[in-house]
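> got a sequence here, can you build the structure:
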Amino acid sequence: MRKIVVTVIGTALTAMAFGMFILPAGIACGGMTGLALVIAHLTSLPLHSVVLAVNVAFFLIGRIVLGRSFAMHTLLSVICFTPFLTLFSCLPIVLPDWMSALYGGILLGIGSAMILSAGASSGGFDVLGTIVWRMSGHSPTMIMYGLDAVIMCANAENLNKLLPGILVSITAWAVSTIILHVFSENRAYAGHALLNSRGI
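This next block holds a predicted model:
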């Protein structure tokens, strides 16, 4: 029960980061949220629907490769993210881009650390990262950040929107890594925190 509560709260914080700070500021997003933004722009489909569809696809991959327990906790995060994002998108906070990036990165880092500590992931690229991590023992940060860079560039209207996106990733990575180092009983999660620093 504790893991379920932690996963839900962590997911709410990640959705808050995007809905209240990152998306209202038009900051370039990486990860699956960034990919969903690209698809939404190209297809005119609602962002929330695209986020759900993309994450469900990656959930199915995770279920096949990583097993039932991981998949169930990840599914909980994926399902909760969409309504939370819808809710917090109605409560945008307009700040300078760098402040939105900083606050969004802090919330994203805390939420990511909570989800990881519960033995789950937030879906999307994190599922792929977890697969690589579990199968090889190596953190695929270059691959993940490479994908993020491509998606951020696709979403960035200009350099002024790309740089805050980079700040979001750096802040989220730093916060989640510190939290997992200090509070997690399993220090192996600390290295894995790299995987959740780019968005859901």
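
> what's the longest helix in the protein?
Longest helix of the chain, by residue count under DSSP state H: helix 159-183.

> and that one, what does it pack onto?
Counting contacts by 3 or more Cβ pairs under 8 Å, 6 or more residues apart in numbering; DSSP states H and E, helix 159-183 packs against helix 97-117, helix 141-155, helix 188-192. Bear in mind the C-beta positions are built from the backbone N, C-alpha and C, glycine included.

> what residues of the first one count as buried?
Applying a neighbour-count criterion of 16 or more other Cβ atoms under 10 Å, the buried positions in helix 97-117 are 97, 100-117.

> and it, what does it pack against?
Packing contacts for helix 97-117, counted by 3+ Cβ pairs under 8 Å, 6+ apart, involve helix 2-16, helix 159-183, helix 188-192.

> just the C-alpha atoms of that helix, please, in PDB.
Extracted as PDB, the C-alpha positions of helix 97-117 are listed here (Å, rounded to 0.1, in the frame of the first residue of the first chain):
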ATOM      1  CA  ASP A  97      11.100  31.100 -18.100                       C
ATOM      2  CA  TRP A  98      14.100  30.400 -15.900                       C
ATOM      3  CA  MET A  99      11.900  30.400 -12.700                       C
ATOM      4  CA  SER A 100       9.400  28.100 -14.400                       C
ATOM      5  CA  ALA A 101      12.200  25.800 -15.400                       C
ATOM      6  CA  LEU A 102      13.700  25.800 -11.900                       C
ATOM      7  CA  TYR A 103      10.400  25.100 -10.100                       C
ATOM      8  CA  GLY A 104       9.300  22.600 -12.600                       C
ATOM      9  CA  GLY A 105      12.700  20.800 -12.400                       C
ATOM     10  CA  ILE A 106      12.500  20.600  -8.600                       C
ATOM     11  CA  LEU A 107       9.000  19.200  -8.600                       C
ATOM     12  CA  LEU A 108       9.900  16.800 -11.400                       C
ATOM     13  CA  GLY A 109      13.000  15.600  -9.500                       C
ATOM     14  CA  ILE A 110      11.100  15.000  -6.300                       C
ATOM     15  CA  GLY A 111       8.300  13.200  -8.100                       C
ATOM     16  CA  SER A 112      10.700  11.000 -10.100                       C
ATOM     17  CA  ALA A 113      12.600  10.100  -7.000                       C
ATOM     18  CA  MET A 114       9.400   9.000  -5.300                       C
ATOM     19  CA  ILE A 115       8.300   6.900  -8.200                       C
ATOM     20  CA  LEU A 116      11.700   5.200  -8.500                       C
ATOM     21  CA  SER A 117      11.800   4.500  -4.700                       C
END
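
> now do it: distance to the chain's middle.
9 Å (Cα atoms, centre = their mean, to the nearest Å).

> equivalent analysis for stretch 94-106, please.
Put simply, stretch 94-106 sits 16 Å off its chain's centre (Cα atoms, centre = their mean).

> as a whole number, average confidence for it?
Stretch 94-106 carries an average pLDDT of 93.

> with stretch 132-152 instead?
The average pLDDT within stretch 132-152 is 63.

> now the end-to-end length of it.
Terminal residues of stretch 132-152 are spaced 22 Å apart (Cα to Cα, to the nearest Å).

> ok, now stretch 59-73?
With Cα to Cα, one end of stretch 59-73 sits 10 Å from the other.
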